[in-house]
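Trainee: sharing a model prediction with you, sequence too.
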Amino acid sequence: MLKIVIFAPIDNSLYARLLANELCKTEDVSLEAIVVRSHWNWSRLQSEFARDGARLLAKIYQKYVLGDARFRNSNNRNLSRYAQETGLEIQSLKAFARSQGLPYLLVKDLNDPACENIVKQSAPDLVAFTGGGLIRPNILALPKLGVLNCHTGILPPYRGMDVVEWTAAEGRVDTVGFGATLHFMDKGVDTGPIILKRTISTQSEDDFKTIRERLEVLMVELMLEGIRGLRDGVLQPQPQNSEDGRQYFVMHARVKQFANEQLTEQINLSNMGKQS
Amino acid sequence: MIKKALGWLLGLMAGWFDHETSVENVREFVEKHYRSLALKQNLPEETRNDMAQLRKLLLQLGWQAGEKADLNVKEKEKTGQAPLDFADLNPANCFERGVLRPGCGRYLDQFSTANAERDVLMQRLLRHVEVKRQASLQKFSQELPAEAQWLERCDISILFSHYARRTRDLRFLNAAFKLDEWNIKMMRRSLSDAGRVRLLLALAEQEISAKELLAC
């Protein structure tokens, strides 16, 4: 029996809810606890505003105002459609934990001592991290196998932030592609051993939003596939060489505009190649 | 309905923030300040050199440098940058644990070819700026007056713009955009002429790199 604790960025995280829902149906996997980072924290808000600027407003709107409704009117295979496919009924992680009789903890920060304690008590094999900031080494060291993270980009080349956009800006849509990588977290940024990675194909009408939506579905799928693979002992994590990739940071609006143009150009070129 | 209205409002605000850093706004800002600075007769020599360099960049960008500005900096234009003494600097000591040694930016900028030690240091500097953001580049190995600190920070931005062009690494231009954006906000407070000119120089270098790497 593989024991798992879920770390979630917010209580209504669709990614975390889908994962919890599916893990409950998975044989020889036992969900031990759910730890959620609380919504409102003034110092975090300040720090995120300094990092993201105006984009934070859009993020808050997407997450807190629209919630699941942000996927409405989209024909893309997004998390909402995936939730329909899998029959997700969980409205919040708190309600889900209560219904399952699972320990549920709301913390200011995932590095809080309370979080460390609950992980210690649960003695999990794995922590499934679905977002919520950096995790300190003392917590990373607690689960027997490690802390799993699914990164929205191809590792090792694209570590860090906004890597979907960076892949396009650097003209590597055809050579590296858009995808997700499941890996164990270590003290570096996306530098831990790789478990699984997969790319998605692009379509002529794609933009960064539609690509990210499909990648979100891929992240849930990879997380589940990875957990099953680790449970069955059929997956072998592959260490990364630090020189094989570099770290990317939040993209400035001016570079983002260029990335948008590059994306359109590369998708058009790729479609022309397919047609000929 | 309320959600739609809120979404529209937030989109508008985000658009306004992005517009502030558009090439048109940067151009307007640089040209305006350049014109007012060029009218000044008593700029120190180093600042006049910066003005001459700035004028060259403005012409390269096809921006307006103005006739009067031309007359005021003409003589210095020919002299170029004064030679700098970097005797006590090397890639191992100019930026350690978030602490800058004065001259670090200009020192690292003089390497025109690949240098392994310098390249490692550039990655560390990039990470420092991106992680610490507005709190970056604040610690110096010796006590420096506020103006000298400002000039050092502008020099790092210029270094990033140059390095982005040399290595075609967009991450450095990305960081230069951010550094300059933060600095523009600071410039709205009182700042010496030397500090204003150096920021304009950093902005012009940023735009030269943007023109080359982003074609805008």
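Mentor: Looks like it came in fine. Owing to the predicted nature of the structure, the values given are computational and were not obtained by experimental measurement. Numbers count the residues shown, from 1 in each chain, chains lettered A, B, ... in the order given.

Trainee: longest strand anywhere in chain A?
Mentor: The strand that spans the most residues within chain A, counting by DSSP state E, is strand A:29-37.

Trainee: in it, what counts as buried?
Mentor: For strand A:29-37, a neighbour-count test (16 or more other CB atoms under 10 Å in any protein chain shown) marks A:29, A:31-37 as buried. C-beta coordinates here come from the backbone N, C-alpha and C atoms, glycine included.

Trainee: of the residues you listed, list those near chain B.
Mentor: Counting by CB under 8 Å from any CB of the partner chain, nothing from those sits close to chain B.

Trainee: of all these, which comes closest to chain B?
Mentor: Ranked by distance to chain B (CB to the nearest CB), these are led by residue A:37 at 20.1 Å.

Trainee: and the next element down the chain from the helix or strand of chain B with the lowest mean pLDDT?
Mentor: Ranked by mean pLDDT, DSSP states H and E, the helix or strand of chain B with the weakest confidence is helix B:67-77, at a mean of 48. Note on helix B:67-77: by DSSP states H and E, the next helix or strand toward the C-terminus is strand B:95-96.

Trainee: elements contacting the helix or strand following that following strand?
Mentor: Using DSSP H and E, the helix or strand that follows strand B:95-96 in sequence is strand B:99-100. Other helices and strands packing on strand B:99-100, by 3 or more CB pairs under 8 Å, 6 or more residues apart in numbering or on different chains; DSSP states H and E, are strand B:139-140.

Trainee: give me the contact list for the strand it packs on.
Mentor: Strand B:139-140 is contacted from outside by B:98-102, B:149, B:152, using CB atoms under 8 Å, 6 or more residues apart in numbering or on different chains.

Trainee: what about it, distance to the chain center?
Mentor: Computed by CA atoms, centre = their mean, to the nearest Å, the chain-centroid distance of strand B:139-140 equals 18 Å.

Trainee: again, but for stretch A:47-58
Mentor: With CA atoms, centre = their mean, you get 19 Å for stretch A:47-58.

Trainee: what does stretch A:17-32 give?
Mentor: 17 Å.

Trainee: identify each buried residue in that stretch, please.
Mentor: Within stretch A:17-32, the residues that count as buried by 16+ other CB under 10 Å are A:17-23, A:29, A:31-32.

Trainee: next, format those residues as CSV and append pLDDT and distance to residue B:134.
Mentor: Output for those, formatted as CSV (pLDDT from 0 to 100; distance: CB to CB, whole Å):
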residue, pLDDT, distance to residue B:134
A:17, 96, 36
A:18, 96, 37
A:19, 97, 36
A:20, 96, 38
A:21, 94, 41
A:22, 95, 42
A:23, 95, 41
A:29, 97, 44
A:31, 97, 41
A:32, 97, 41
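
Trainee: any quick PyMOL command for the buried ones out of the contacts of strand B:139-140?
Mentor: Only the buried entries of these go into this PyMOL selection, using 16+ other CB under 10 Å:
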select buried, chain B and resi 100+101+102+149+152
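
Trainee: looking at the contacts of strand B:139-140, which is nearest residue A:124?
Mentor: Within those, proximity to residue A:124 (CB to CB) peaks at residue B:98, which comes in at 35.8 Å.

Trainee: neighbours of the closest residue to chain B within the stretch 101-250 of chain A, how many?
Mentor: As assessed by CB to the nearest CB, chain B sits closest to residue A:249 within the stretch 101-250 of chain A, at 4.0 Å. Neighbour count for residue A:249, taken as other CB atoms under 10 Å in any protein chain shown: 21.

Trainee: could you do residue B:194 as well?
Mentor: Residue B:194: 20 neighbours (other CB under 10 Å).

Trainee: quickly find the element holding it.
Mentor: Short version, using DSSP H and E: residue B:194 is in helix B:193-213.

Trainee: so the residue of the stretch 101-250 of chain A closest to chain B versus residue A:217, what's the distance?
Mentor: Computed as CB to CB, to the nearest Å, the residue A:249 to residue A:217 distance reads 26 Å.

Trainee: which residues touch the nearest residue to the residue of the stretch 101-250 of chain A closest to chain B once chain neighbours are set aside?
Mentor: Among residues not flanking residue A:249 along the chain, residue B:130 sits closest, at 4.0 Å (CB to CB, 6 or more residues apart in numbering or on different chains). Neighbouring residues of residue B:130 by CB under 8 Å, 6+ apart: A:249-250, B:175, B:178.

Trainee: what stretches of the stretch 1-150 of chain A score poorly on pLDDT?
Mentor: Where the stretch 1-150 of chain A drops to pLDDT under 70, the residues are A:51, A:54-55, A:63-64, A:67-73.

Trainee: ranges for the strands of it?
Mentor: Taking DSSP state E, counting those that start in this stretch to define them, one finds strands in the stretch 1-150 of chain A at A:2-8, A:29-37, A:104-107, A:126-129, A:146-151.

Trainee: what's the angle from the helix or strand where residue B:46 lies to helix B:193-213?
Mentor: Using DSSP H and E, residue B:46 maps to helix B:45-61. With axes from the mean of the first three to the mean of the last three CA atoms, to 10 degrees applied, the angle from helix B:45-61 to helix B:193-213 works out at 30 degrees.

Trainee: now check helix B:45-61, is it near chain A?
Mentor: No - judged by CB under 8 Å from any CB, helix B:45-61 and chain A are separated, with a smallest distance of 14.9 Å.

Trainee: can you list the buried residues in that helix?
Mentor: By neighbour count on 16+ other CB under 10 Å, the buried set for helix B:45-61 is B:47-55, B:57-58, B:61.

Trainee: now, among these, which is nearest to residue A:94?
Mentor: Nearest member of the buried residues of helix B:45-61 to residue A:94, counting by CB to CB, is residue B:61, at 55.7 Å.

Trainee: the closest one contacts residue B:206, correct?
Mentor: No - between residue B:61 and residue B:206 there is no contact under CB atoms under 8 Å: 10.5 Å.

Trainee: just to revisit the earlier point, JSON lines for the strands of the stretch 1-150 of chain A, including distance to residue B:118?
Mentor: Formatted as JSON lines, the strands of the stretch 1-150 of chain A follow (distance: least, CB to CB, whole Å):
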{"stretch": "strand A:2-8", "distance to residue B:118": "39"}
{"stretch": "strand A:29-37", "distance to residue B:118": "39"}
{"stretch": "strand A:104-107", "distance to residue B:118": "42"}
{"stretch": "strand A:126-129", "distance to residue B:118": "36"}
{"stretch": "strand A:146-151", "distance to residue B:118": "29"}
